[in-house]
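Novice: next come a sequence and a model predicted from it.
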2 protein chains.
Amino acid sequence: MRRTKEEAENTRQAILDAAVTVFSDRGVAKSTLENIAREAKVTRGAIYWHFANKVEIFDALHDHLHSPFIQRILEGLEVEHADPVGQLQKICTEILTELHEEPQTQKLLTLFLLKCDYSGEFADSKAKFLAKKRRTYDAFAAYFTKAIEGNYISAKADPHLLTLALQSLFHGLVVEFLEDPVTINLQQDGPRLMAMLFASFRHY
Amino acid sequence: MRRTKEEAENTRQAILDAAVTVFSDRGVAKSTLENIAREAKVTRGAIYWHFANKVEIFDALHDHLHSPFIQRILEGLEVEHADPVGQLQKICTEILTELHEEPQTQKLLTLFLLKCDYSGEFADSKAKFLAKKRRTYDAFAAYFTKAIEGNYISAKADPHLLTLALQSLFHGLVVEFLEDPVTINLQQDGPRLMAMLFASFRHY
DNA sequence: TAATATACATACACGCATGTATGTTGTCAA
DNA sequence: TTGACAACATACATGCGTGTATGTATATTA
């Protein structure tokens, strides 16, 4: 049953897609390779051919899906802009409103924010995850530093604190939404919350 | 080997205490009743005598430990205060600084925020959890409404939005701290973030 | 103080997830 | 075109966690 290279790549992708669904549905820990195989309409043999185990699937998902998500934000910030703070606000606001309309992205974030814990076998994944996060953190802090130097934000402001405020509020809001989408109206409240936060940045 | 009622209650507590450690250490899903039994220095037989299964232990922990945590906040708000907004800020700030010094509380919050997912067998637990959370949410919203009526906050402010802002920032900050206590200095930044948020409430 | 129920410990049976070993078929390179 | 290997499917062995059944000693109660 040897397949062509293209077919093989397709099944690999099918496995990853299935893993997203199964993981976000049942939780990473409770997900079985058999579950993923069925969802992808292959056998466990196929999975073990492409991946060593569940952790490797999880890491692959993180690389292919989470990283680009952050990447897009960072790339947006590299572009020179007349009002850098307004630009950042716009980007963050857009991400929230888009999230409201993209169930696929919701599934992904649910997976990485609510459906996995990094104990035991996933300790290495957590280390990689943290390293990435710290780099993102630094990028934001550098961005705020630039904004302060350009006089867009008061010199009294602490870029470190601004970064933490943005990340915390953003993270918290997304989690609250994913946990209880019935109560939280992301479409309306996301932009309003961002407006509130960035106003406090400017008035600092 | 029948024990006295007091002894029985002691082992029950030992099991719950052990569960906190094991759950927050290995993650709820990967934790075994055998793990908990060893930590508590009993056998699985003792656990099955006191609890039906792992979910019941988890629920018991949630009732006995998470609820009082929230309760303390809500009770603090019921007391009449000259500056209700300042009072709320003080309470939130204190909780954060206390969290910095209480590893036991850190373990508990880690457990409920990072080390569990509510898929499958834990679906019922999630429902209860959400119900409690919504009541907390309503209590905060009512509090802000009162603050607005008392002219402590601008009438233009939306109590719903203020509640969401506070919960999101608080939740986000706690999670960021628990995930990476090396990077996040809760002792310093917690109070500063709260000051920032509540300042924006007042300037709204 | 005898009977009974309590508070466990021990032993057992079962299913299930994992990892690996092996089989099979088609592809691609020479 | 033919061998070798890639891309799986299938089969098997193993261990582990669960739940339950049973044993047992001691409080409690009547």
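Specialist: Okay, I see it. Numbering: from 1, shown residues only, chains lettered A, B, ... in the order given.

Novice: may I ask which helix or strand encompasses the residue of chain A found nearest chain B?
Specialist: In chain A, the residue that lies nearest chain B is A:Gly172 (2.8 Å; CB to the nearest CB). (Glycine included, C-beta is placed from N, CA and C.) Following DSSP states H and E, the helix or strand that holds A:Gly172 is helix A:159-179.

Novice: returning to that earlier point: OK, contacts around the residue of chain A closest to chain B?
Specialist: A:Gly172 makes contact with B:167-173, B:175, according to CB atoms under 8 Å, 6 or more residues apart in numbering or on different chains.

Novice: is the following helix or strand past the helix holding A:Gly172 anywhere near chain B?
Specialist: Sequence order places helix A:186-202 as the next helix or strand after helix A:159-179, per DSSP H and E. Yes - applying CB under 8 Å from any CB of the partner chain, one finds helix A:186-202 touching chain B at A:189, A:192-193, A:196-197, A:199-200.

Novice: the biggest helix by length in chain A near chain B anywhere?
Specialist: In chain A, assigned by DSSP state H, the helix with the most residues is helix A:123-149. Yes - for helix A:123-149, a contact with chain B is found by CB under 8 Å from any CB, at A:130, A:133-134, A:137.

Novice: I'd like to know how many residues surround A:Ile36.
Specialist: Neighbour count for A:Ile36, taken as other CB atoms under 10 Å in any protein chain shown: 27.

Novice: next to DNA strand D, which bits of chain A? Give me the list.
Specialist: A:1-3, A:5, A:7-8, A:11-12, A:42-46, A:48-50 (CB under 7 Å from any atom of the strand).

Novice: narrow those to just the buried residues.
Specialist: Buried by 16 or more other CB atoms under 10 Å in any protein chain shown: A:11-12, A:42, A:46, A:50, out of the residues of chain A next to DNA strand D.

Novice: would you reformat these as JSON lines and include secondary structure, distance to chain B and pLDDT?
Specialist: As requested, those are exported to JSON lines (DSSP: H, G, I helix; E, B strand; the rest coil; distance: CB to the nearest CB, whole Å; pLDDT from 0 to 100):
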{"residue": "A:Thr11", "secondary structure": "helix", "distance to chain B": "26", "pLDDT": "97"}
{"residue": "A:Arg12", "secondary structure": "helix", "distance to chain B": "25", "pLDDT": "97"}
{"residue": "A:Val42", "secondary structure": "coil", "distance to chain B": "23", "pLDDT": "97"}
{"residue": "A:Ala46", "secondary structure": "helix", "distance to chain B": "24", "pLDDT": "98"}
{"residue": "A:His50", "secondary structure": "helix", "distance to chain B": "24", "pLDDT": "98"}
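
Novice: closest to DNA strand C among the residues you listed?
Specialist: A:Ala46 (10.2 Å; CB to the nearest atom of the strand).

Novice: so what's the closest one closest to, chain neighbours aside?
Specialist: A:Thr11 (5.7 Å; CB to CB, 6 or more residues apart in numbering or on different chains).

Novice: quick check: what element follows the least confident helix or strand in chain A by mean pLDDT along the chain?
Specialist: The helix or strand of chain A with the lowest confidence, counting by mean pLDDT, DSSP states H and E, is helix A:67-78 at a mean of 80. Where DSSP H and E defines the elements, the next helix or strand beyond helix A:67-78 is helix A:84-101.

Novice: what's the first helix or strand after that following helix?
Specialist: Helix A:84-101 is succeeded, C-terminally, by helix A:103-114 (DSSP H and E).

Novice: for that next one, the averaged confidence score.
Specialist: Helix A:103-114 comes out with an average pLDDT of 92.

Novice: touching that helix from outside, list them.
Specialist: So helix A:103-114 is contacted by A:20-21, A:23-24, A:28, A:61-62, A:65-66, A:69, A:98-99, A:171, A:174-175, A:178-179, B:117 (CB under 8 Å, 6+ apart).
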